[in-house]
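[1] Pasting the sequence and the predicted model now:
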Amino acid sequence: MLDRRQNRPRTHGVIIRRTWPDLERNHVQRYFLEFPELREYWHEGKKKFTLPNGSEIHFMFAENQQEVDQKFWGPEFYDIMVDQAEQFSEQELLTIKTCNRWPGAPMGECKTGLFFNPGGVGTEFLRRVFAQGKFKDNENPEDFKFVHLFGWDNYVWFESLGISPKEFYAIPDGLKKGEQCAYGAEGNGPEFFCCRFHLFIYRTAEGRKLNALPPSLRAGHLLGSFDSFAGQYFAGVWDESRIILTRSQEELLIQNWWPRWMAHDPGVFHNASIGWAASGRVPPKLFESVFGRTIQDSVDVVVVYRTHAESGSEETALVRKCAGSMAEHEKRRVQRYFLGVDAWEKNSSGHSVSERIADELRRNGLPYCEQADNNRIGGWRLLYAMMKKTCDVLAGCMSPTREDDDWDDEGGGYSVKTPMLLISADCENLIQSIPMLIRDTKHPGRAEDVLKTPTDADDDGDMLRYLVKSMLRAQLTAPLEIRAQEYYESLSPKADMTAKSVLMAKWKHQNTPKKGSPWAARQ
């Protein structure tokens, strides 16, 4: 930033972070330390350096979308640098980018630099455009350039070893193509100076710490994988090599008689996400033919075999589109349709989205919609346990540590009855979204929840939670007549028959589906 301001007189640049303390500590104070001569050009009130050639370096922060809108609609900056860009949402980063312009600057001369680590509300967007190279709408691939840097590229970690920056960067990388370590994977060169990678993991405290992490976390924290990073909710259990089914495995595994159901996280201006699942018990012989591994006892599995996500479609039109993609025999097998809680809210005229969706489902031969189980923490706990069990069973080391599957009560471990979770390779949007879900460390007491973010991953995650948790709740709910008997027996023995009759009538009114609804017959 300083170099470009000195070489481009009378231009302005800005360095941005989420909060002022981080900005001051990591940038302003570093400028004072490394360039003490700049102190006389600092304006404390305006938080900027004004250089002798008329150029300015501004330091700005924005803690939320409202502050981003207030501060970055209108200004002009020749260069923008956003530090910890993963802390900003896609919409916030796009708003900041609008002020990256300067009168008379040649096309492509104004630059925006996004400096980030995997993990945070912006990770889904950053991974898509930089790591995956996938672009939407009017995004121009030529506008994006990704430089992947690692811990062993940062000289700061190696200063204590007594080598100069010039000597340090003359050492081969160790992993990059053309710079592989001459001593192989173990890197047993003299004092590990064989390459920067082995020097990092064996001779620096930071490198040793990262290299000692479990494999699933090491991949993200040390090797920079976008599928495994700090704060990731399913870190340690999301293993695509075990959870994802190939097309041939899916066709072999799912049996015709298995029950099927659907879940729907509605949305119009943000992504709506719909998923299909099937569930059954897999005997050892079938398990071996599908996975090539032997098990002693049958296991329950839940297979998410199809997903669909899109924005901009009216709810009933989306239901009609998805129903149209299903064969009639598949529709007949679908037993439940779980709909997100937002769809049940009444509007000013006393109607809800769920009513319109219910009518569309009936017209297309699908079951009446039911309100999805929205116990967020219980749902995420269940998904975590199912993924954990899948990985353990396929690794041949299943170790159940709980007796029940009441995930609303407490989390941790899985039981013998906890089903495995498997996802079809065709569910690309869901597979991309699951690694983007991060723990909610912003709100006290919500560390077991997933942080709500305005992203496609959030919508897909909610759909998956509805799909799995709602069906488990339905399976654990006894038939109506059994629940009625249990309620009757719970009434006080001292109550007379008239009082019991009144209480039973009230209970049945509250718990019996309305007559004439497509779902009433299914009860």
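    Here it is on my side, so go on. Because the structure is predicted, anything quoted here is derived from the model rather than measured. Numbers count the residues shown, from 1 in each chain.
[2] my guess is residue 43 contacts residue 50, does it?
    Yes: checked against C-beta atoms under 8 Å, the pair residue 43 and residue 50 is within contact range at 6.4 Å. In short, each C-beta sits where N, CA and C put it, glycine included.
[3] out of these two, which sits in the busier spot?
    Summary of the neighbour comparison: residue 43 and residue 50, criterion other C-beta atoms under 10 Å, with residue 50 having more neighbours (15 against 11).
[4] Does that one touch residue 41 like I think?
    Yes: with contact defined as C-beta under 8 Å, residue 50 counts as touching residue 41 (5.5 Å).
[5] Now do the strands in the stretch 51-200 of the chain.
    Remark: strands of the stretch 51-200 of the chain, listed N- to C-terminal, are 56-61, 79-83, 111-115; assignment by DSSP state E, counting those that start in this stretch.
[6] I'd like those strands as a markdown table, with mean pLDDT, mean neighbour count and distance to residue 387 appended.
    Conversion of the strands of the stretch 51-200 of the chain to a markdown table gives the following (pLDDT from 0 to 100; neighbours: other C-beta atoms under 10 Å; distance: least, C-beta to C-beta, whole Å):
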| stretch | mean pLDDT | mean neighbour count | distance to residue 387 |
| --- | --- | --- | --- |
| strand 56-61 | 97 | 20 | 37 |
| strand 79-83 | 97 | 21 | 33 |
| strand 111-115 | 96 | 17 | 31 |
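[7] okay, the ones you listed in a markdown table with distance to residue 425 next?
    Listed next are the strands of the stretch 51-200 of the chain as a markdown table, based on distance: least, C-beta to C-beta, whole Å:
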| stretch | distance to residue 425 |
| --- | --- |
| strand 56-61 | 42 |
| strand 79-83 | 35 |
| strand 111-115 | 31 |
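[8] So for residue 73, which of these sits nearest?
    Residue 73 sits nearest to strand 56-61 of all the strands of the stretch 51-200 of the chain, at 13.0 Å, using C-beta to C-beta.
[9] between the closest one and strand 79-83, how many degrees?
    Between strand 56-61 and strand 79-83, the angle formed by their directions is 30 degrees, by axes from the mean of the first three to the mean of the last three C-alpha atoms, to 10 degrees.
[10] so how far is strand 56-61 from its chain's centroid?
    Here strand 56-61 is found 32 Å from its chain centre; the criterion is C-alpha atoms, centre = their mean, to the nearest Å.
[11] Which strands and helices lie in contact with that strand?
    When contacts are defined as 3 or more C-beta pairs under 8 Å, 6 or more residues apart in numbering; DSSP states H and E, strand 56-61 packs onto helix 2-7, strand 12-17, helix 20-23, strand 48-50.
[12] one more time with 6 Å
    Contact here means 3 or more C-beta pairs under 6 Å, 6 or more residues apart in numbering; DSSP states H and E; on that basis strand 56-61 packs against strand 12-17, helix 20-23, strand 48-50.
[13] what about residue 155, neighbour count?
    For residue 155, the number of neighbouring residues by other C-beta under 10 Å comes to 16.
[14] what sits against it?
    Residue 155 makes contact with 165, 168, according to C-beta atoms under 6 Å, 6 or more residues apart in numbering.
[15] can you pull the pLDDT of it?
    According to the model's per-residue confidence, residue 155 sits at a pLDDT of 92.
[16] Return the distance of it relative to residue 169.
    Distance check for residue 155 against residue 169: by C-beta to C-beta, to the nearest Å, it reads 7 Å.
[17] swap in residue 275?
    For residue 275, the distance to residue 169 - C-beta to C-beta - is 49 Å.
[18] who has more neighbours, the two?
    For residue 275 versus residue 169, neighbours defined as other C-beta under 10 Å are more numerous around residue 275 (26 against 12).
[19] quick one: the more buried one and residue 463 touch, right?
    Yes: the pair residue 275 and residue 463 qualifies as a contact (C-beta atoms under 6 Å) at a distance of 5.1 Å.
[20] Common neighbours of the two, please.
    Both residue 275 and residue 463 are in contact with residue 263, where contact means C-beta under 6 Å, 6+ apart.
[21] Got phi/psi on residue 244?
    For residue 244, the backbone dihedrals (degrees, to the nearest 10) come out as phi -90, psi 130.
[22] wait, what's in contact with it?
    Residues counted as contacts of residue 244 (C-beta under 6 Å, 6+ apart) are 423, 425.
[23] how about 8 Å then?
    The contact partners of residue 244, taken as C-beta atoms under 8 Å, 6 or more residues apart in numbering, are 422-425, 431.
[24] For it, list each beta-bridge partner.
    residue 423 (DSSP bridges).
[25] That one and residue 423: what is the separation?
    When residue 244 is compared with residue 423 (using C-beta to C-beta), they lie 6 Å apart.
[26] Same question for residue 267.
    Counting by C-beta to C-beta - residue 267 and residue 423 are separated by 21 Å.
[27] same check, this time on residue 227
    From residue 227 over to residue 423 the distance is 14 Å, taken as C-beta to C-beta.
[28] ok, the two, which is more surrounded?
    residue 423 (24 against 20).
[29] Where does pLDDT dip in this structure?
    Within the chain, the segments meeting pLDDT under 70 span 187-189, 216-217, 228-230, 473-483, 486, 511-523.
[30] mind giving me the domain split of it?
    Under automatic domain parsing, the residue ranges defining each domain of the chain are 2-143, 151-221, 244-476, 480-522.
[31] Name the nearest residue to residue 102, sequence neighbours excluded.
    residue 78 (4.3 Å; C-beta to C-beta, 6 or more residues apart in numbering).
[32] got the contact list for that neighbour?
    For residue 78, counting by C-beta under 8 Å, 6+ apart, the contacting residues are 4, 8, 11-13, 102, 105, 109-111.
[33] how about a markdown table for those residues, with distance to residue 393 added?
    Formatted as a markdown table, the entries for those read as follows, by distance: C-beta to C-beta, whole Å:
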| residue | distance to residue 393 |
| --- | --- |
| 4 | 55 |
| 8 | 60 |
| 11 | 60 |
| 12 | 58 |
| 13 | 54 |
| 102 | 59 |
| 105 | 59 |
| 109 | 56 |
| 110 | 54 |
| 111 | 50 |
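[34] which of these sit farthest apart?
    Pairwise distances among these were taken by C-beta to C-beta; the largest, 13.7 Å, belongs to 12 and 109.
[35] residues shared between the contacts of these two?
    Between them, residue 12 and residue 109 share the neighbouring residues 78, 102, with contact defined by C-beta under 8 Å, 6+ apart.
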